[in-house]
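> got a sequence here, can you build the structure:
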Amino acid sequence: MIEKAYPPSLPGWIAAGGENYEVVIGSTALYVRNLAEELFPNRLTDKERVRLRTLLLENIGDIFANYRFWESEKIDKLDEQYLKERISIPWSFSSMNRGAGVFISDDESRVISLNSSDHLRFRVGTGGCDIESAYRVARGIEELLEEKLPFAYSKRFGFLTSHPRECGTGMKLRVYIHIPGLIFAGMLNKFRERVLKEGFVLKPMLDNALTAEGHLFLLETAHTLGINEEELLESCEEVIEYVVDLEIQSRKDLLEKAHFQIEDKILRGYGVLTHARMISKEEGNALASAFRLGIFENLLEGQLDKDLVTELFFVGQPAHIKKLLNPEATRIECDTKRAEVFRSYLTREE
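Below is the predicted model:
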């Protein structure tokens with residue numbers, strides 16, 4: 001069981017903030033690698049995955065000696081969901097998958113998973129939109145691993161992965177964006193179509209449907225084949241600049257055309273967050289989004305630090321709430337606890 005005190009409420013790399021933090025809460029670079037002459041994890045038996053995990057640990061364990069390491073067999077379902085809510089393990093990771101494992105650095109900025117969908121999936125995160133720093137650090141890790149392990153590679157398809165769409169460089173660049181301005185302006189679909197033409201996909205960060213819940217989205221490179229890493233980086237930086245400029249302009253236009261309506265929505269949300277005795281996950285995400293917009297647009301000056309308001313998105317997620325209660329907590333108990341947690345942030349209650 002992962003203890004309640006670890007990790008802190010907001011992943012350290014996101015809490016660090018950074019450039020254009022009001023729009024981009026974090027950036028990550030992900031590498032996918034597999035060992036030559038080994039079957040993909042989903043083609044292995046439990047015994048074979050355990051053998052392969054042991055092999056990987058023998059070869060690369062010293063590189064990540066200062067990281068926390070969990071074997072999948074020792075992570076229960078609640079802890080698994082908890083780590084996924086924190087972007088600290090990939091969604092393909094399963095505690096039911098015997099023979100998997102994960103290394104996580106103390107600030108959760110570096111995550112290396114073993115035997116999830118691929119033999120190795122490792123990502124580096126930075127706060128704000130510093131995607132280049134994330135890429136450079138991840139690239140350095142890839143080079144260290146390549147010295148220790150023989151990776152599966154094809155002259156035609158590049159690095160081989162369990163998902164064909166990840167072959168080639170085997171690298172993905174991702175940014176986590178908060179775009180309430182685009183949502184309120186009704187520009188989400190237009191924005192999605194535009195970035196798709198540029199080779200990027202838009203995914204929800206908090207739920208499984210492309211909705212406005214929390215106004216948080218994951219924007220990631222769609223292709224890894226037929227393009228080199230530096231070209232991907234350049235393309236990603238251009239798209240980040242585009243989304244930041246578009247979101248900032250959308251917020252400006254909204255506040256000029258509908259200032260009182262937006263301010264009223266935010267202040268009403270503040271009233272709910274400080275006085276409600278039950279808040280659902282969906283309502284909590286929506287309220288956290290409105291409140292974060294108000295803080296960054298100076299409509300709620302002095303109410304909460306900018307990193308703490310971002311933290312509301314994480315502490316209100318189901319597994320985070322159940323970690324404060326118990327794995328069998330009912331929805332009513334969770335909604336009640338969520339309201340209590342939010343009030344403690346906004347009113348400085350203990």
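
> now do the helices in the protein.
12-15, 46-60, 77-85, 131-148, 180-184, 188-197, 229-257, 259-275, 281-296, 306-315, 318-324, 331-347 (DSSP state H).

> of all the ones you listed, which one is nearest Ser154?
The closest of these to Ser154 is helix 131-148. By CB to CB, the value is 15.7 Å. Heads up, the C-betas are built off the backbone N, CA and C, glycines and all.

> give the buried residues for that closest one.
Ile131, Glu132, Ser133, Ala134, Tyr135, Val137, Ala138, Arg139, Ile141, Glu142, Leu145 (16 or more other CB atoms under 10 Å).

> nearest residue to the first one in space, please, no chain neighbours.
The one in question is Ile131. Computed as CB to CB, 6 or more residues apart in numbering, the closest residue to Ile131 that is not its neighbour in sequence is Ser27, at 4.1 Å.

> ok, Gly158 - contacts?
Listed by CB atoms under 8 Å, 6 or more residues apart in numbering, the contact set of Gly158 reads Cys167, Gly168, Thr169, Gly170, Thr224, Leu225.

> ok, of these, which come out buried?
Cys167, Gly168, Thr169, Gly170, Thr224.

> from those residues, which is closest to Phe159?
Nearest to Phe159 among the buried ones among the contacts of Gly158, counting by CB to CB, is Gly170 at 3.7 Å.

> my guess is that closest one contacts Pro164, does it?
No: using CB atoms under 8 Å, Gly170 is not in contact with Pro164; the gap is 11.4 Å.

> quick check: the residue nearest to Leu308 when sequence neighbours are not counted vs Val32, distance?
Distance criterion CB to CB, 6+ apart; nearest residue to Leu308, sequence neighbours excluded, is Tyr345 at 6.4 Å. Distance, Tyr345 to Val32, using CB to CB, to the nearest Å: 37 Å.

> ok, now how distant is the residue nearest to Ile131 from Thr221?
Ser27 is 12 Å from Thr221, by CB to CB.

> neighbour-wise, which of these two wins?
Ser27 (30 against 23; other CB atoms under 10 Å).

> okay, now the domains of this protein?
Domains of the chain are assigned by automatic domain parsing as 12-253, 259-347.

> distance to Phe291 added to the buried ones among the contacts of Gly158, as JSON lines?
Output for these, formatted as JSON lines (distance: CB to CB, whole Å):
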{"residue": "Cys167", "distance to Phe291": "42"}
{"residue": "Gly168", "distance to Phe291": "41"}
{"residue": "Thr169", "distance to Phe291": "39"}
{"residue": "Gly170", "distance to Phe291": "39"}
{"residue": "Thr224", "distance to Phe291": "37"}
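
> all good on my end, thank you.
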